[in-house]
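>>> Structure of the sequence below:
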Amino acid sequence: MSVADVILAQGDPTPDGTAVLVASLGADDHVVVAEAADGLVARRAVEAIPSLARIDVLARPGAAPSVIDALGRLAAVAPTDLRGEAVMRLLELLREEKRRGAPESAGNLLQIYEALGHTRDQRAAPALEEELADPAAGKAPRVVVVQALVSIAAPSSRGVAMKARAELAASPEAEVFEAELRQELLLALDDAIARLP
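Below is the predicted model of the structure:
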């Protein structure tokens, strides 16, 4: 499959167009995969979730951001069983990336946090709450985690956000850049505490 094939398929709203986009997810060219994933999201083709979930994004780092994003966005509009499949795959990727620690892992983790938030699925909340409670996750990534938790709006998240805020408030930063990141995370936590149930 080429980018031209995918663009043609994006303009074909029939099941044949969708089938070409799903088949294009197996392409070696990450641009083809990205365009196919975007096309599937645009047509809300939730039937593509199993195909997306089967992609080994760790072996295909160029395709990872598009696949992860598509899993989250399609899960948001999917029926319960397909949403669950997408959420379970994203949680599996979260564990794998944390364990792997490759150069691209930090970027993939941010994508996974955002995608889990897009799902708005309560099953994603415990893993995100663990990330929020883990200072090793870093302040900037934890801002993304907080935003994802607000999207999910699980009742358990408010207490976790309050605890994280109290711990952060008790540990001032001397270095200017870290102090700015700390302030950004504090603001995100304040917003979350105000909005979470």
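>>> what sits against the most centrally placed residue in the chain?
Centroid-nearest residue in the chain, with Cα atoms, centre = their mean: residue 115, separated by 2.2 Å. Taking Cβ atoms under 8 Å, 6 or more residues apart in numbering as the contact definition, residue 115 lies against 68-69, 71-73, 75, 90. Every residue, glycine included, has its C-beta placed from N, CA and C.
>>> now do residue 63
30, 33-34, 55, 57.
>>> again with residue 61
So residue 61 contacts 102, 104, 108 (Cβ under 8 Å, 6+ apart).
>>> Output the helix or strand where the last one lies as PDB - backbone C-alpha positions only.
So that's residue 108. Using DSSP states H and E, residue 108 maps to helix 105-119. The C-alpha trace of helix 105-119 is given here as PDB (Å, rounded to 0.1, in the frame of the first residue of the first chain):
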ATOM      1  CA  SER A 105       9.400   5.300  25.400                       C
ATOM      2  CA  ALA A 106       8.900   8.700  27.000                       C
ATOM      3  CA  GLY A 107       7.100  10.000  24.000                       C
ATOM      4  CA  ASN A 108       5.000   6.900  23.700                       C
ATOM      5  CA  LEU A 109       4.000   7.100  27.300                       C
ATOM      6  CA  LEU A 110       2.700  10.600  26.800                       C
ATOM      7  CA  GLN A 111       0.700   9.300  23.800                       C
ATOM      8  CA  ILE A 112      -0.600   6.400  25.900                       C
ATOM      9  CA  TYR A 113      -1.700   8.700  28.800                       C
ATOM     10  CA  GLU A 114      -3.600  10.900  26.300                       C
ATOM     11  CA  ALA A 115      -5.200   7.900  24.600                       C
ATOM     12  CA  LEU A 116      -6.300   6.500  27.900                       C
ATOM     13  CA  GLY A 117      -8.000   9.800  28.600                       C
ATOM     14  CA  HIS A 118      -9.700   9.800  25.200                       C
ATOM     15  CA  THR A 119     -11.300   6.400  26.000                       C
END
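>>> mind checking the SS state of residue 61?
coil (DSSP: H, G, I helix; E, B strand; the rest coil).
>>> Tell me which residue of the protein is furthest from the middle?
In the chain, the residue most distant from the centre (Cα atoms, centre = their mean) is residue 174, at 31.6 Å.
>>> all strands for this protein, in order.
Under the criterion DSSP state E, the chain carries no strands.
>>> before we move on, the earlier item: between the contacts of residue 63, which sits nearest residue 44?
Closest approach between those and residue 44, by Cβ to Cβ: residue 34, at 17.6 Å.
>>> check contacts around that closest one.
63, 65-66.
>>> distance of it from residue 146?
Distance, residue 34 to residue 146, using Cβ to Cβ, to the nearest Å: 27 Å.
>>> List the buried residues in stretch 186-197.
Within stretch 186-197, the residues that qualify as buried are 186, 188-189, 192-193, 196, counting by 16 or more other Cβ atoms under 10 Å.
>>> mind checking how far the spatially closest residue to residue 20 that is not a sequence neighbour is from residue 86?
In space, and not counting its chain neighbours, residue 20 is closest to residue 9: 3.7 Å by Cβ to Cβ, 6 or more residues apart in numbering. Distance, residue 9 to residue 86, using Cβ to Cβ: 22 Å.
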